[in-house]
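Novice: here's a sequence, model it:
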Amino acid sequence: MKTLDNMTSQAPLSVFLVEDNPADVVLVRMALARTGRQFALDHAANGEIALRFAEEYQAGSHKLPDVVLLDLNLPRINGLQVLKALRGLPALQKVPIMILSSSGTLLERKSAEDLGANRYLSKPNTLDEFLTTVGTACLELTAASC
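Specialist: Numbering: from 1, shown residues only. Model (predicted):
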């Protein structure tokens with residue numbers, strides 16, 4: 001069984017980040033780097049691009065991610081619609097998906113859970129909390145899915 005202690009000696013963590021805010025993309029990169037584990041990051045800046053990535057994952061033309069980080073407030077196609085589409089693809093059904101959003105209403109949380117999100121994380125307010133919480137949550141989700 002994989003533990004958080006031995007995660008750094010493993011293959012790079014493959015992360016699919018769906019986030020429209022460039023500053024949050026930088027923060028997620030910093031959070032992943034802080035875990036000490038190497039990572040590869042696929043990034044989609046809106047829902048349409050996310051669905052194109054999903055088609056590539058489904059077709060096998062792109063390596064499946066170990067975890068998906070998904071913002072809800074996306075341009076073009078919102079995060080809940082993206083989540084529903086991701087969970088509708090057989091290749092992505094077992095990939096852990098964490099909602100990482102600045103909103104956090106009870107209705108959004110319930111909708112995300114109903115659509116198959118594994119975790120809902122409201123974006124932390126401080127830099128240190130963001131870096132620690134997001135990186136740790138990614139490692140926990142990937143360890144739990146193994």
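
Novice: tell me who's in contact with Ser102.
Specialist: Residues in contact with Ser102 (Cβ atoms under 8 Å, 6 or more residues apart in numbering) are Asp71, Asn73, Ser122, Lys123. Any C-beta I mention is one placed from the backbone N, CA and C, and that applies to glycine too.

Novice: contacts only, for the second one.
Specialist: Contact partners of Asn73, counting by Cβ under 8 Å, 6+ apart, are Asp20, Gly79, Ser101, Ser102, Ser103.

Novice: show me the two of those that sit farthest apart.
Specialist: For those, the maximum inter-member distance is 13.3 Å, found between Asp20 and Ser103 (Cβ to Cβ).

Novice: against Leu17, how distant is the spatially most central residue of the chain?
Specialist: What sits nearest the mean C-alpha location of the chain, by Cα atoms, centre = their mean, is Leu69, with 1.4 Å. Between Leu69 and Leu17 the computed distance is 5 Å (Cβ to Cβ, to the nearest Å).

Novice: hey, what's in contact with both of those two?
Specialist: In contact with both Leu69 and Leu17: Val28, using Cβ under 8 Å, 6+ apart.

Novice: on that earlier part again, and Asp20 and Ser103? which has more neighbours close in?
Specialist: Per other Cβ atoms under 10 Å, whichever of Asp20 and Ser103 has more neighbours is Asp20, with 17 against 14.
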